[in-house]
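Enquirer: Sequence first, predicted model second:
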Amino acid sequence: MKQWKGPSRFEVFLNLLFIFQSTFGVIYGVLFGPFLGIEVLWYVGWLVLVVGFLFFYLALREFKEKGGALEGESLQFTTVLVDTGVYAIIRHPQCLGGILLMCASILISQHWLSAIIGVSISAYYYLSVPKDEEHLIEKFGDDYKRYMQRVPKLNPLAGVVKLLRQRTKD
């Protein structure tokens, strides 16, 4: 099994751009209001922002509590397959959280620059999921393959439905 080396320079740049974009979109929307003036989208953006942060927070909390990362190591270096909490609903809550934060910054700012950067970053995050899954299959083997059959990749509604169906069977 290949050892994961951490993020590439491009991924570090993209993560910095993500932080800039999510911050810029919100600050711009707060200071200047929505660029296009569509207030309802501005309010929807705030709701999406809260949901996106919630996915991030719940994912990090679950990793910290159940991931088995060694003391001082990044939470990305988990030693245990985490399939509880938000990970019982979707397999990639941090990715979904990131995509939602990009959508929120676009809706709050309604600026064309936010849209270009946000859509590009969201597409990259979405398209990087298969590579992440290959790594997780190498790391956790058949356990992860069974997890993939139980839990949807990024669709929380389908994940809740599957979880409820599973619990009614038990």
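Expert: All right, it came through fine. Residues are numbered from 1 along each chain as shown.

Enquirer: Check what pLDDT residue 19 gets.
Expert: Residue 19 carries a pLDDT score of 90 in this model.

Enquirer: what's the helix or strand for it?
Expert: Using DSSP states H and E, residue 19 sits in helix 9-32.

Enquirer: Residue 62 now?
Expert: helix 39-66.

Enquirer: Next secondary structure after that helix?
Expert: That would be, after helix 39-66 and using DSSP H and E, helix 93-109.

Enquirer: and the nearest residue to residue 102 once chain neighbours are set aside, what is it in contact with?
Expert: Spatial nearest neighbour of residue 102, chain neighbours left out: residue 118 (3.9 Å); criterion: CB to CB, 6 or more residues apart in numbering. Backbone N, C-alpha and C define where each C-beta goes, glycine included. Neighbour list for residue 118: 21, 25, 102-103, 105-106 [criterion: CB atoms under 8 Å, 6 or more residues apart in numbering].

Enquirer: redo that, cut-off 6 Å
Expert: Taking CB atoms under 6 Å, 6 or more residues apart in numbering as the criterion, residue 118 is in contact with 21, 102, 105-106.

Enquirer: measure it to residue 82 for me?
Expert: 28 Å (CB to CB, to the nearest Å).

Enquirer: Also residue 42?
Expert: Residue 42 is 35 Å from residue 82, by CB to CB.

Enquirer: repeat for residue 9
Expert: Per CB to CB, residue 9 is found 28 Å from residue 82.

Enquirer: which of the two has more neighbours?
Expert: Comparing residue 9 with residue 82 by other CB atoms under 10 Å, the one with more neighbours is residue 82, at 20 against 7.
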